[in-house]
Every structure is written in C-alpha cells, then in structure tokens.
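Enquirer: my questions are about this predicted structure, shown below with the sequence.
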Amino acid sequence: MRVLAVALLAVVLTVSGALGLAGNGGTSSAPRTSTVDPSTIQAGNGQDLTVAIESLQQTLERVPADHRSWATLGLAYVEQARVSGNPAFYVKAEEAVARSLDVSPEDNAAAHTAAAALDAARHDFDAALERAEAALAIDPYEPGALAVRVDALTELGRYPEQLRALRVADRRQPGVPVFARYSYAHELRGDLDEADAVLRRGSAGASPADTAFLTTLRADVARRQGDLAAAGRHLRTALTQSPGYLPALASRARLAVAEGDLTLAVGRWEDVVAQLPLPEYLTELGELHLALGRRAEAREQFSVVEVTIDLLTANGVNADLETALFDADHGSAADALTVARAEWRRRKSIHVADLLAWALHVNGRDREALRLSRQATRLGTEEARLWLHRGRIEAALGMDGAARVHLRRGLAADPGGSPWQADQARAALRRLGER
C-alpha cells in the first residue's frame with residue numbers, strides 16, 4: 001500500500017490542477033502545469049486506477065484507522081475525476097481526506113497534501129496553497145505539497161514566489177514534475193527555447209509514461225515555435241510510449257489545425273471530447289465548426305460546454321475563468337464581466353488579467369481593458385490569446401500601429417490555435433488596412 005501511495009502522489013505532482021484545466025498548448029488560458037502527465041502511474045489509465053481504488057477500499061475495510069490509506073484514496077479520487085471527466089469524484093475525495101484527518105488530526109502531511117491537490121483541482125488556489133504549506137510544515141520534503149505550492153503560486157499570479165518555490169522543490173525533490181514546472185516558468189516568461197531545453201533534459205532516462213508526458217509538452221512548444229515537423233515527431237514518440245494518451249491526442253488535433261487540415265482536426269477533437277469533455281476542449285471543437293461555417297454543430301458543442309460548466313460548479317469546482325471566457329465570446333457579455341471581476345478579486349494571474357481585459361472589451365470599456373491587457377502581457381508570454389486580445393483592444397482605441405504589431409504577434413504565437421479566433425484577428429488587420 002505504501003507503493004501505491006507513492007504512485008498516486010506522483011500524479012499529484014503533475015496533475016494538481018486536474019479536471020477543468022487544459023494545457024497551455026492550445027487556446028485555453030489555463031497554465032500547463034495543471035494538466036501535466038496524467039499517466040505517471042500505472043493506475044492513471046482508468047481501468048488500473050479503478051483496481052487501485054478497490055485495493056485501497058479493501059485495505060480500509062480491514063484497517064479503518066489507516067489514515068495514510070484514506071489520504072491516498074482521496075488522491076485516487078482526484079485522479080479518477082480527471083481520468084473520467086466526472087467531477088463527482090471530488091466529493092468522494094473530500095470525504096476520504098476528511099476521514100484521514102478524523103483518524104489522525106495531528107502531523108498528517110499526507111492528508112494535507114491530498115487536500116491541497118483537491119483544492120487545486122477545484123481551482124481554489126488560496127486554499128491549495130494554505131494546505132500545501134500545512135503539509136510542508138509537517139514534512140518539508142513532502143513532494144506533492146512542494147508541487148502544489150508551485151502551482152498555486154503560479155495560478156495566483158505570484159510569479160517571483162513561484163520561482164523561489166521551484167528552487168526549493170528542485171533542491172528537495174528533483175525530478176520530472178520539477179522539470180515540467182521549470183519549463184512552464186520559462187514559457188510564461190516567453191523563453192520557449194529554454195522551456196524546450198528543460199524538457200529535453202528531463203527526458204533523459206525517463207520512464208515510458210514520463211516520456212509520453214514530456215514529449216507531448218515538447219510537441220506543444222515546437223508547434224508554437226512553428227516547427228510542425230518536430231511537433232509531429234514528438235507526438236509519434238508520445239503515442240508510441242503511451243498509446244491513447246489524451247494530452248497527446250489533443251495536441252495532435254491542434255497540430256492538424258496548424259497544418260491547415262481543419263476537417264482532420266474536427267475528427268481528432270471529436271475523439272478527444274468523446275473521452276474527456278473538458279469545457280476548453282469542447283470550445284475548441286465548437287470554434288473549429290464556426291471556422292468551417294458549421295454554425296449548428298458549433299451551437300451543439302457550446303450547449304455541451306454550458307452543461308459541463310454547470311456540472312463542474314455543482315461539484316465544488318470554481319469554473320469562473322472558463323465560464324467568463326466562454327461567455328465573452330459565445331454568451332452574455334454582461335455575465336462575462338461580472339464573473340471576470342469576481343475571479344480577478346480572487347487572483348491576479350496574467351490569464352485572469354487577460355480574461356478581465358477581454359470581458360471589459362466586449363462590454364465596450366476599452367480604456368480599462370487596455371490597462372488589464374498590458375498586465376496580461378507583462379511577462380512576454382508567447383500565448384496567442386493574450387496578444388490577439390491586446391491587439392483587438394488597441395484597434396478599438398484607434399492605436400493602429402500597436403494593434404498591428406500585437407495582432408501579428410498573436411497570429412504567429414501558435415498556428416494550432418483557434419482558427420475562428422485567428423479569422424477574427426485577420427479581419428481586424430484588414431480593417432486596419434493590412435492584408
């Protein structure tokens with residue numbers, strides 16, 4: 001059972017954001033650390049995870065006072081939510097963690113770590129940070145808590161502290177999870193070359209599951225750099241090492257967009273959302289349909305987005321970022337602004353700054369929007385959405401030169417991004433007199 005606990009903890013190190021956050025390889029504004037490798041353990045493939053959960057349940061029937069097994073069961077349920085796309089497992093995770101703390105309320109680092117992972121999965125990053133710190137106060141070398149602390153600081157927009165927490169994690173528990181987070185830290189700061197170099201170093205001697213994870217991240221970086229051949233090679237490696245690995249399948253759908261084969265991309269996205277209907281995945285598929293002129297199909301996907309967000313919310317997940325982004329482009333502009341303001345009060349990350357900027361823009365408040373958009377791009381992050389939004393806000397304010405520069409930068413940042421968003425950016429450039 002100790003081996004299983006360690007294995008499940010490996011998932012927490014890399015999947016602390018879990019359900020509801022897609023990787024930064026696409027158009028989602030969520031950071032990539034939140035969907036780092038879901039298959040770093042044997043149990044991560046769903047069927048084996050069910051076996052692991054059953055084994056833990058049998059252990060707890062025999063030894064109901066085993067606080068560590070209760071905490072490990074909580075971790076397993078967090079992972080089950082991610083694998084299955086069913087956030088109802090978060091409620092089970094919460095119950096298991098509570099039971100662990102009932103059994104052992106003092107010095108229970110395992111339970112605090114599981115609670116931190118659950119809070120991060122539900123996007124309550126203040127709580128995740130607090131629980132991670134509680135675990136580290138008991139055990140400074142607790143690997144899951146070290147990882148969740150980095151992710152929470154990232155999501156809260158506390159970037160200098162993120163780097164300090166990364167250095168501590170690297171000293172105490174070096175390994176693939178730290179490589180992934182260092183890579184993302186470089187990516188946030190616009191240094192894609194170093195982001196890839198870190199992933200390459202992390203791949204040396206990696207297990208098949210870790211190789212699939214890291215090479216998928218390398219594929220995303222390569223695509224964003226415009227090296228589609230390298231992206232394809234990395235994805236072939238990932239899917240050879242871990243057939244059916246969903247992040248690689250999602251990356252492959254974005255690669256089809258980058259290669260200009262939107263029909264192929266639709267088919268690939270349909271395969272992905274059939275297995276894991278995340279709001280951002282469904283939105284990407286819906287926007288693909290819009291780009292192809294298939295409005296009825298797009299509406300169908302967007303209706304599923306709304307249902308999925310409701311399901312997340314009902315199970316304790318803060319889906320405000322996803323909700324507001326979706327509403328700003330495809331729903332109620334007024335609702336988007338209300339939700340974006342609420343999320344901005346909770347955290348000040350560049351992605352939430354971009355969200356609020358865009359919500360202000362679609363409500364005609366472009367001068368306020370520009371201030372937030374400048375905050376969103378202050379790190380130099382080469383993420384398409386950030387620059388496309390800034391360019392369109394500047395265009396609305398008559399800042400034609402800046403708008404051209406930033407719209408072009410956004411279009412170049414990821415050829416695999418939403419073609420519908422790209423079409424809107426190109427239309428804005430045409431209105432500015434650039435073809």
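Expert: Looks like it arrived, so ask away.
Enquirer: how about low-confidence regions in the chain?
Expert: Applying pLDDT under 70 to the predicted model, the residue ranges of the chain that meet it are 1-47, 434-435.
Enquirer: just give the number of residues close to the residue nearest to A81 when sequence neighbours are not counted.
Expert: By the measure of CB to CB, 6 or more residues apart in numbering, the closest residue to A81 outside its immediate chain neighbours is F89, 3.9 Å from it. Heads up, the C-betas are built off the backbone N, CA and C, glycines and all. F89: 24 surrounding residues under other CB atoms under 10 Å.
Enquirer: who are the neighbours in contact with F89?
Expert: Contacts for F89 (CB atoms under 8 Å, 6 or more residues apart in numbering) come out as 77-78, 80-81.
Enquirer: rerun at 6 Å
Expert: Neighbouring residues of F89 by CB atoms under 6 Å, 6 or more residues apart in numbering: 77, 80-81.
Enquirer: in helices, which of those fall?
Expert: When helices are assigned by DSSP state H, the members of the contacts of F89 inside them are 77, 80-81.
Enquirer: got these as JSON lines, with neighbour count and distance to T113 columns?
Expert: Formatted as JSON lines, these follow (neighbours: other CB atoms under 10 Å; distance: CB to CB, whole Å):
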{"residue": "Y77", "neighbour count": "27", "distance to T113": "14"}
{"residue": "Q80", "neighbour count": "24", "distance to T113": "17"}
{"residue": "A81", "neighbour count": "27", "distance to T113": "17"}
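Enquirer: what's the closest of those to T50?
Expert: Q80 (7.7 Å; CB to CB).
Enquirer: Y245 versus that closest one, what's the distance?
Expert: Using CB to CB, to the nearest Å, one obtains 17 Å as the distance from Q80 to Y245.
Enquirer: now do A117
Expert: According to CB to CB, A117 stands 21 Å off from Y245.
Enquirer: next: A336.
Expert: In this view, A336 and Y245 are 33 Å apart by CB to CB.
Enquirer: spit out the contact partners of the residue of the chain most remote from its centre.
Expert: Note on the chain: the largest C-alpha distance from the chain mean falls to R62, namely 37.6 Å (CA atoms, centre = their mean). Under the criterion of CB under 6 Å, 6+ apart, the contact list for R62 is empty.
Enquirer: how close does it get to S69?
Expert: Taken as CB to CB, the span from R62 to S69 is 10 Å.
Enquirer: now do R295
Expert: Remark: distance between R295 and S69 (CB to CB) = 51 Å.
Enquirer: of the two, which one has the most company?
Expert: Summary of the neighbour comparison: R295 and S69, criterion other CB under 10 Å, with S69 having more neighbours (27 against 11).
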